[in-house]
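Asks: Here's a sequence, model it:
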Amino acid sequence: MKKERSLAGRLSQYGALALIVQLASACSDSTPPPPPVANSAQAAPSATPVGDGKLVVAFGDSLYAGYNLNQGKGLAPMLEQALAARGMKAQVVNAGVSGDTSAAGLARLAFTLDGLARKPDLMLVGLGGNDMLRGLSPETTRDNLDAILAELKKRDIPVLLTGMLASPNMGPDYAAAFNPIFPTLATKYDATLYPFMLDGVIGDRALQLPDGIHPNDKGVEVIVGKLTPIVEGALRD
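Replies: Below you'll find the predicted structure:
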């Protein structure tokens with residue numbers, strides 16, 4: 001039986017792909033457009049009332065949006081089904097937009113929240129991966145995420161923050177500045193933290209799309225399997 005590859009090994013593959021992405025971007029005359037979006041809320045999420053159930057909003061980038069997945073196979077619908085299977089009545093609204101940086105997320109946050117039928121019982125926030133892949137300043141990423149969490153605290157909306165890790169090819173200095181962003185902000189704002197969104201998926205080709213970064217439907221199942229009890233716990237607190 002093959003031993004499971006270490007997280008470090010999986011991240012090394014992640015780093016190699018990230019380097020390719022960055023080199024391709026550097027060779028382009030202009031910043032490439034974000035990848036096509038499948039099953040995501042590009043402007044404002046549905047404001048359909050949820051009755052007496054919980055309202056969860058998944059606010060993030062392509063890892064939330066269901067990038068290149070069939071209808072019903074993205075994070076939001078799969079998480080909603082998993083919560084229902086555990087006896088938790090909830091609507092999980094897909095507010096993921098592929099290609100979003102932390103700055104883009106901050107820019108659309110108020111519009112997203114104001115378009116909802118009511119205040120969410122929980123907000124999943126998953127941004128920063130695109131910042132890292134583009135080599136943007138970790139300080140800027142931190143400031144943007146800080147502003148997002150500050151606005152959610154102002155509106156008294158509980159948060160589950162799904163973290164990201166810097167690709168090894170970014171170098172130790174970048175990782176030292178980027179990786180602590182998520183645990184530090186989770187502590188500051190008393191948010192629930194899921195440390196690494198792609199835990200258990202990155203580096204496993206059977207769980208990924210051909211790009212080697214995004215999860216396929218089986219990969220989403222792995223992520224949802226890890227996230228569901230944490231989301232349920234946050235909703236019951």
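Asks: what sits against the residue nearest the centre of the chain?
Replies: By Cα atoms, centre = their mean, the chain has its centre lying nearest to G126, at 2.9 Å. Neighbour list for G126: 58-61, 63-64, 96, 161-162, 164, 197 [criterion: Cβ atoms under 8 Å, 6 or more residues apart in numbering]. Every C-beta, even on glycine, is put in place using the N, C-alpha and C of the backbone.
Asks: try 7 Å
Replies: For G126, the contact set (Cβ atoms under 7 Å, 6 or more residues apart in numbering) comprises 60-61, 63-64, 162, 197.
Asks: most neighbours, which of those?
Replies: With neighbours defined as other Cβ atoms under 10 Å, the most crowded of these is Y64; it has 29 neighbours.
Asks: Check what pLDDT it gets.
Replies: In this prediction, Y64 carries a pLDDT score of 97.
Asks: Quick one: neighbours of the residue lying closest to it once chain neighbours are set aside, just the number.
Replies: Closest residue in space to Y64, ignoring its immediate chain neighbours: G96 at 3.0 Å, by Cβ to Cβ, 6 or more residues apart in numbering. Close neighbours of G96, defined as other Cβ under 10 Å, add up to 30.
Asks: Then N70?
Replies: 10.
Asks: before we move on, what about L193?
Replies: Neighbours of L193 (other Cβ under 10 Å): 17.
Asks: Looks to me like it is in a helix.
Replies: No: under DSSP: H, G, I helix; E, B strand; the rest coil, L193 falls outside any helix and is assigned strand.
Asks: what sits against it?
Replies: Listed by Cβ under 7 Å, 6+ apart, the contact set of L193 reads 161, 163, 182-183, 186.
Asks: Between which two of the residues you listed is the distance greatest?
Replies: Farthest pair in these (Cβ to Cβ) is L161 and P183. Separation: 8.9 Å.
Asks: What segments of the chain are helices?
Replies: Counting by DSSP state H, the segments of the chain that form helices are 7-26, 62-65, 75-85, 102-114, 129-133, 138-154, 172-178, 181-188, 217-236.
Asks: Now render the ones you listed as TSV, adding distance to V92.
Replies: Formatted as TSV, the entries for the helices of the chain read as follows, by distance: least, Cβ to Cβ, whole Å:
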stretch	distance to V92
helix 7-26	26
helix 62-65	10
helix 75-85	4
helix 102-114	14
helix 129-133	20
helix 138-154	17
helix 172-178	28
helix 181-188	20
helix 217-236	8
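Asks: which stretch among those helices comes nearest D121?
Replies: Of all those, helix 217-236 sits nearest to D121, with 6.0 Å by Cβ to Cβ.
Asks: Could you give the average pLDDT over that closest one?
Replies: On average, helix 217-236 scores 97.
Asks: buried set for it?
Replies: For helix 217-236, the neighbour count (16 or more other Cβ atoms under 10 Å) marks 219-224, 227-228, 231-232, 234-235 as buried.
Asks: What is the burial count for F111?
Replies: Quick note: F111 (other Cβ under 10 Å) scores 10 neighbours.
Asks: Then I202?
Replies: Neighbours around I202, by other Cβ under 10 Å: 25.
Asks: give me the low-pLDDT residue ranges for the protein?
Replies: Along the chain, the model assigns pLDDT under 70 to residues 1-51.
Asks: could you redo the last one with a cut-off of 50?
Replies: 1-6, 8-9, 16-44, 46-47 (pLDDT under 50).
Asks: Deepest-packed of the helices of the chain, please.
Replies: Ranked by mean neighbour count, the helices of the chain are led by helix 62-65 with a mean of 28 (mean count of other Cβ atoms under 10 Å).
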